[in-house]
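1. Here's my sequence, what's the structure:
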Amino acid sequence: MTKKKKNLILIIPAFLLIGTAIGIQTKEPIKQTIIGLIVGIIVYFFIRYRNKIINK
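-> Below you'll find the model as predicted:
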């Protein structure tokens, strides 16, 4: 088996950029960027927790 790369932390900036893009389209970039950051952090911790359970 190949070794998995640990690029899970890259989820946070991805959601941040998605939030920024949506914010530019809706004329509320700061609000949507903050929402994207919060969602990215939540998804990161959820997937990290799920991976710990699966790897046991």
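2. Okay, now the unreliable bits of the protein?
-> Residues of the chain meeting the criterion pLDDT under 70: 1-5.
3. center of it - which residue?
-> With distances taken as C-alpha atoms, centre = their mean, Gly40 lies nearest the centre of the chain, 2.8 Å away.
4. Check which helices and strands the lengthiest helix in the chain is in contact with.
-> Assignment by DSSP state H gives helix 29-54 as the longest helix of the chain. Under the contact definition 3 or more C-beta pairs under 8 Å, 6 or more residues apart in numbering; DSSP states H and E, helix 29-54 sits against helix 11-26. Quick note: C-beta positions are derived from backbone N, CA and C, even for glycine.
5. buried stuff in the helix it packs on?
-> Ile11, Ile12, Phe15, Leu16, Ile18, Gly19, Thr20, Ile22, Gly23 (16 or more other C-beta atoms under 10 Å).
6. Ok, stretch 39-51 next?
-> For stretch 39-51, using 16+ other C-beta under 10 Å, the buried residues are Val39, Gly40, Tyr44.
7. and these as a markdown table, adding distance to Gln32?
-> Converted to a markdown table, these look like this (distance: C-beta to C-beta, whole Å):
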| residue | distance to Gln32 |
| --- | --- |
| Val39 | 10 |
| Gly40 | 12 |
| Tyr44 | 18 |
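8. ok, Arg22 - contacts?
-> Just to correct that, residue 22 is Ile rather than Arg. By C-beta atoms under 8 Å, 6 or more residues apart in numbering, the contact list for Ile22 reads Gln32, Gly36.
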